[in-house]
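1. Have a look at this prediction, sequence included:
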Amino acid sequence: MPFQDVLAPQHRALANAPPLPTEARLFRGALSQSGWTFRGGRNRVFLLLSGSGRVSLGGTDLGLSGPSLVWAPAGVRGSVTFDAGAEGAALAIPELALGPAMPTGAIFAEVRDAVARPILGARLALADARKMLQTVETIEAELRENAAGMQEVVRHHLALLLIAIWRRANPSTEKPKPSPRATVRSFLHLVELHMREQWSLADYAGVLGVTADRLNTAVRRATGRSPMELIHARLMMEAEMLLDGSSLQIAEVAEALGFRDAAYFSRFFKRLAGVSPRARRAGLVNRQVREETSYAAWP
């Protein structure tokens with residue numbers, strides 16, 4: 001069966017296993033039954049456009065009929081089965097992808113709270129179900145093609161999907177206390193907004209209303225990495241994009257990323273990448289020259 005999580009998240013963290021990827025699958029009128037068994041390692045979306053199936057989640061077992069939606073947040077174990085002939089999609093989203101995709105603005109807390117709880121077979125209008133299916137189709141195509149900018153496109157469409165799920169979640173008036181996983185999502189979202197401001201771990205913890213130790217524990221259990229490792233990895237991604245795809249001077253790249261000292265930025269980059277920013281850029285130029293002057297490029 002596809003999309004099975006081999007280990008529960010806390011076991012993966014202890015084993016220092018790499019995080020599970022974002023995966024998408026579309027199905028249209030399959031001749032046989034399709035089934036998923038998941039152990040809580042990733043967030044799950046199941047869209048049933050037409051046909052029937054069954055969901056078992058958190059001690060609840062019920063039938064499904066399209067068009068409908070199942071949302072299973074990370075940490076929840078269960079299974080979903082779609083009968084032969086069903087049409088829809090399945091999406092598995094790790095925390096490291098979900099957090100940065102959280103929408104900004106006034107609805108952030110409401111979306112965060114909505115996706116912290118399971119949604120079992122919520123009925124959808126056919127037009128809404130088709131829009132959500134189209135969003136998953138775009139994600140699936142981007143993941144399959146893996147072209148330049150893929151991560152940004154996937155993040156954008158995940159944000160659209162999260163808003164669509166929130167609109168259909170029927171959130172209760174009583175706001176639940178954010179779970180550790182909700183705290184992790186909020187942290188990853190804040191990293192996207194403030195990584196260039198060089199916030200400390202205490203800054204993030206203060207905004208989230210938790211202690212630095214609690215934030216560190218929650219992030220490590222959910223991702224297998226420390227908060228600062230994730231912040232540095234995101235900064236490195238931005239640095240590599242600017243070095244490879246812009247004409248900015250290295251000092252300007254450092255300033256754009258919030259480093260007041262270009263020399264410190266160079267040391268930071270070399271410590272994580274193994275080469276200096278200047279060597280990274282020179283290596284890219286050399287690779288381009290080799291490609292342009294290779295025999296394959298000759299007429």
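-> Sure, I can see it.
2. Dump stretch 235-248 to PDB, restricted to CA.
-> The C-alpha coordinates for stretch 235-248 follow below in PDB (Å, rounded to 0.1, in the frame of the first residue of the first chain):
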ATOM      1  CA  LEU A 235      18.900  30.500   5.600                       C
ATOM      2  CA  MET A 236      21.300  28.300   3.600                       C
ATOM      3  CA  MET A 237      18.600  27.600   1.000                       C
ATOM      4  CA  GLU A 238      18.000  31.300   0.600                       C
ATOM      5  CA  ALA A 239      21.700  32.000   0.400                       C
ATOM      6  CA  GLU A 240      22.200  29.400  -2.300                       C
ATOM      7  CA  MET A 241      19.300  30.800  -4.300                       C
ATOM      8  CA  LEU A 242      20.700  34.300  -4.200                       C
ATOM      9  CA  LEU A 243      24.300  33.200  -5.000                       C
ATOM     10  CA  ASP A 244      23.200  31.000  -7.900                       C
ATOM     11  CA  GLY A 245      20.400  33.100  -9.300                       C
ATOM     12  CA  SER A 246      21.300  36.800  -8.800                       C
ATOM     13  CA  SER A 247      24.100  39.200  -9.500                       C
ATOM     14  CA  LEU A 248      24.200  40.500  -5.900                       C
END
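3. Buried ones in stretch 194-206, by neighbour count?
-> By neighbour count on 16 or more other CB atoms under 10 Å, the buried set for stretch 194-206 is 195, 199, 201, 204, 205. For glycine as for every other residue, the C-beta is placed from the backbone atoms N, C-alpha and C.
4. oh sorry, the question was meant for stretch 266-276
-> Neighbour-count burial for stretch 266-276 [16+ other CB under 10 Å]: 266, 268, 269.
5. on that earlier part again, which one of the buried residues of stretch 194-206 is nearest to residue 185?
-> Proximity of those to residue 185 (CB to CB) peaks at residue 204, which lies at 12.7 Å.
6. hang on, that closest one is in a helix, isn't it?
-> Yes. Remark: residue 204 belongs to a helix, assigned using DSSP: H, G, I helix; E, B strand; the rest coil.
7. Before we move on, what's the pLDDT of it?
-> As predicted, residue 204 sits at a pLDDT of 89.
8. quick revisit: could the buried residues of stretch 266-276 be laid out in TSV, adding distance to residue 214, pLDDT and secondary structure?
-> Putting those into TSV (distance: CB to CB, whole Å; pLDDT from 0 to 100; DSSP: H, G, I helix; E, B strand; the rest coil) gives the following:
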residue	distance to residue 214	pLDDT	secondary structure
266	34	93	helix
268	27	94	helix
269	31	95	helix
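9. Lovely, talk soon.
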